[in-house]
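Student: Sequence first, then the predicted structure:
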Amino acid sequence: MVVTPGHSVGQPLAQQAALTITWEKLPEDFPLEEEPVENTGQPLIAGALREALELAGYIKPEMLIASNFGLCSTVNGNLVIKAPDWVYVASVLPLTAHKDRRSYTPNLEGESPKVVMEFLSETEGGEYSVKRTFPLGKWFFYEQILQVPTYAIFDPATGLLEVYRLQAGRYEPQTADAEGRYWLAEMELFLGVWQGQKEERTGYWLRWWDEAGNLLLWAVEQVGQERQRVEQERQRAERLAEYLRAQGINPDELD
């Protein structure tokens with residue numbers, strides 16, 4: 001596969017070199033770099049996104065949903081690996097053995113990712129980098145190499161969420177709806193920002209809403225709803241018992 005990078009300001013398209021892209025399996029013994037997590041909040045945000053999808057029965061066996069997970073491509077003979085903070089692939093080929101994936105090479109192991117997300121941190125991670133020379137920038141890699149339809153950038157510190165859609169080969173910013181949410185057509189879900197507490201973290205979170213606007217709940221919220229339902233039933237039963245006593249009927253003697 002040969003592509004020409006998107007036109008940059010001040011540089012004629014004809015002067016830009018084509019990129020040769022191939023999809024090659026990562027060797028089993030290839031040493032993947034282990035970079036420390038930027039902060040404790042990022043894995044919590046990523047995990048919460050997956051948790052809500054699991055509890056809603058959304059995740060299918062053929063899907064790949066992962067966080068801080070290496071996506072691989074070979075560009076001009078150079079292996080490129082980028083690990084987005086969250087990635088969704090609709091369909092992947094099953095592994096031949098019962099083992100965990102160490103990385104994922106699109107087109108070779110299944111479809112290309114449909115959604116990638118990056119969470120901003122105090123350390124500049126190149127989420128907006130369109131660098132076309134090695135090492136390639138993240139934005140350039142997702143836009144021009146993997147051609148991911150939806151790219152989301154989230155700042156947990158401020159709650160700012162930006163969503164970009166691939167249109168005519170370039171990422172274009174999307175406008176949120178009246179509720180401040182973005183429709184992700186590939187997942188048939190809304191993505192938006194929610195402020196509150198989960199586990200030990202208080203702040204801004206990314207949340208899912210279905211097409212009808214219903215929030216996909218976390219486990220702790222589902223438990224809370226069930227407790228509330230049980231308490232409401234208990235109160236209703238007590239009111240009924242009080243009414244019966246007022247009518248001279250002992251509710252304990254009723255069958």
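Tutor: Cool, got the structure. None of these values were measured; they are calculated from a predicted model.
Student: Now do the helices in the stretch 101-250 of the chain.
Tutor: 138-140, 219-246 (DSSP state H, counting those that start in this stretch).
Student: mean pLDDT lowest for which of those helices?
Tutor: Least confidently modelled of those is helix 219-246, at a mean of 90 by mean pLDDT.
Student: just to revisit the earlier point, and among the helices of the stretch 101-250 of the chain, the most buried is which?
Tutor: helix 138-140 (a mean of 21; mean count of other Cβ atoms under 10 Å). Where C-beta positions appear, they are placed from N, C-alpha and C, glycine not excepted.
Student: chain center to it, what's the gap?
Tutor: 17 Å (Cα atoms, centre = their mean, to the nearest Å).
Student: With distance to Glu199 added, can I get the helices of the stretch 101-250 of the chain in CSV?
Tutor: Formatted as CSV, the helices of the stretch 101-250 of the chain follow (distance: least, Cβ to Cβ, whole Å):
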stretch, distance to Glu199
helix 138-140, 28
helix 219-246, 8
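Student: Out of these, the one nearest Ile81 is which?
Tutor: Closest approach to Ile81 among those (Cβ to Cβ): helix 138-140, 11.3 Å.
Student: returning to what we had before: of all the helices of the stretch 101-250 of the chain, which one is nearest Thr175?
Tutor: Nearest to Thr175, of all those, is helix 138-140, at 19.4 Å by Cβ to Cβ.
Student: Which residues outside the closest one are in contact with it?
Tutor: With Cβ atoms under 8 Å, 6 or more residues apart in numbering as the test, helix 138-140 has contacts from 5, 82, 84, 118, 125-132, 151, 171.
Student: Separate out the buried members of those.
Tutor: By neighbour count, with 16 or more other Cβ atoms under 10 Å, the contacts of helix 138-140 hold 5, 82, 84, 118, 126-127, 130, 132, 151, 171 as buried.
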